[in-house]
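J.: Please work out how this folds:
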Amino acid sequence: MSRALGQGFLRKWLALAILLGAFLTPGRATAVPGSHGDPDDTYWPVDIKTLTHADSSQFVTFTLESYDNFTFDHVPLVCWDMEFEQQNDVASVVVFEKDGVLKGHVLNSNSCDRGDEPDDKISDVTISKQGKTLTVSVHIAALSRAGLGNGTYYLYRVIVYEPWAFGGCCDVTDEAPDSGNEQIQHTLDGSANSSVFAAPFERSCSVTSNRFPIYNLAVASADPSSGSAQLEVFAHSGASWANGRAGMFARYVAPFKTTVRVTAVFRVSGDEEVVALDTDYTPFSQAEVNNALELEVVSADPMSPIRQIDETSIRRIDTSFFLDAETYDGKVIELWNDFSVDPATVPHLEICASLFTGAAVVVTGEAHAKWDLTIDEIRVELL
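T.: Numbers count the residues shown, from 1 in each chain. This is a model prediction of the structure:
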């Protein structure tokens, strides 16, 4: 064999060896499309036919469709085994049947533990099953806590384990994708955010008070669809006052036990005046207008200690945060505060972001204030 021929033969064998090594050596997982079909390849009741996923601003939804109808006593455990490449971390979403009830949780590991309260549990999940289809809804914040962080995608594969009645628990009866070196990639939609959520306005949280209807006027109106409100108070004549409140109400349901920061973003524009004081009554003559932005967060559980009215600015320097038309007219102001929540004891938080205005007159005179309030957003951040 000539030298040139021998070198060519060697190069071909080296190329073939490298190519085979790429297929035979375990390495980086291959991501397959978001909707994954799997062959009819097992005689067990849950034979994966299709896997899909979707996400909204707060939830990721997984769907498993089987070739055959099944009841969940056929399946002790279905596990979505996840890998967060961007954070080099793993997690799992586990669904199982116990005492005739479907249960599920997010784990901070890929252990696929079916225990009721495993040590690495982060949160519960919402489960539904109809015929051949199993649907699991997971709060994105739980995935963030599990390892997603602020990542934009993750990889997963689904594993189904055999029923307890056949040979104990738990041998694998089906998995998808079939190749252990393949995973499904889910790239989150741009609207999904792992830790910050907008709490949509539900209604007005306006309250008005007229202590002396003949002389005083407090009018509050609000449009929850636009996050805007108007508030006007007018106090007149001796020893009288009026106050009112206008704002927006939102509700937030905590996904698991954690600490949240509630922030309200306000814009205000207004006018206020005090007129016609009778100085003959000095030092008893007094007329004033006080305005304050308030962020009030109340637990849905009346026995809960969570209740906070925060009148501080975003810098949290002042103990009180009173508005005056010259300083704050048209400017953006943020109020925020932190709360510990536990879904087991606090079903949801009720949030009222509002403007309070009070006008008071002692002896004689007039005090008047009129404000337009816009609340750009009420947001909740998981800390």
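J.: who's in contact with residue 153?
T.: 85, 86, 185, 186, 187, 188 (C-beta atoms under 8 Å, 6 or more residues apart in numbering). No exception for glycine: its C-beta is placed from N, CA and C like everyone else's.
J.: Sketch out the low-pLDDT regions of the stretch 101-250 of the chain for me.
T.: Low-confidence segments of the stretch 101-250 of the chain, defined by pLDDT under 70: 113-116, 163-170, 190-194, 207-215.
J.: those strands in it, which residues are they?
T.: 101-107, 121-124, 126-130, 133-139, 153-161, 172-176, 182-187, 196-198, 201-204, 207-210, 217-223, 228-236, 240-252 (DSSP state E, counting those that start in this stretch).
J.: correct me, but residue 61 touches residue 55?
T.: Yes. Counting by C-beta atoms under 8 Å, residue 61 does reach residue 55; the two are 7.2 Å apart.
J.: Who has more neighbours out of those two?
T.: Comparing residue 61 with residue 55 by other C-beta atoms under 10 Å, the one with more neighbours is residue 55, at 17 against 14.
J.: how near is the residue lying closest to residue 131 once chain neighbours are set aside to residue 133?
T.: Excluding its sequence neighbours, the residue lying closest to residue 131 (C-beta to C-beta, 6 or more residues apart in numbering) is residue 69, at 5.3 Å. Taking C-beta to C-beta, to the nearest Å as the measure, residue 69 falls 10 Å from residue 133.
J.: same question, residue 294
T.: Noted for residue 294: a distance of 47 Å to residue 133, by C-beta to C-beta.
J.: now do residue 258
T.: Distance of residue 258 to residue 133, given as C-beta to C-beta: 31 Å.
J.: Tell me where the model's unsure across the stretch 251-383 of the chain.
T.: Checking the stretch 251-383 of the chain against pLDDT under 70 turns up 276, 278-285, 299-328.
J.: Give the ChimeraX command for selecting the buried subset of the contacts of residue 153.
T.: In ChimeraX, this line selects whichever of the contacts of residue 153 come out buried by 16 or more other C-beta atoms under 10 Å:
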select :85,185,186,188
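J.: The contacts of residue 153: which two are farthest apart?
T.: Within the contacts of residue 153, 85 and 188 form the most distant pair, 13.5 Å apart (C-beta to C-beta).
J.: beta partners of the closest residue to residue 221 other than its chain neighbours?
T.: In space, and not counting its chain neighbours, residue 221 is closest to residue 230: 5.2 Å by C-beta to C-beta, 6+ apart. Beta bridges link residue 230 to residue 221, residue 372, judged by DSSP bridges.
J.: Residue 230: neighbour count?
T.: 17.
J.: Name all residues that make contact with it.
T.: Contacts of residue 230 (C-beta under 8 Å, 6+ apart): 219, 220, 221, 222, 246, 370, 371, 372, 373.
J.: what's the distance between residue 358 and residue 264?
T.: From residue 358 to residue 264 the distance is 20 Å (C-beta to C-beta).
J.: ok, those two, which is more surrounded?
T.: Using other C-beta under 10 Å, the more surrounded residue of residue 358 and residue 264 is residue 264, with 28 against 20.
J.: wait, the more buried one sits on residue 337?
T.: No. With contact defined as C-beta under 8 Å, residue 264 does not count as touching residue 337 (9.6 Å).
J.: one step back: which one of residue 69 and residue 133 is surrounded by more residues?
T.: residue 133 (16 against 11).
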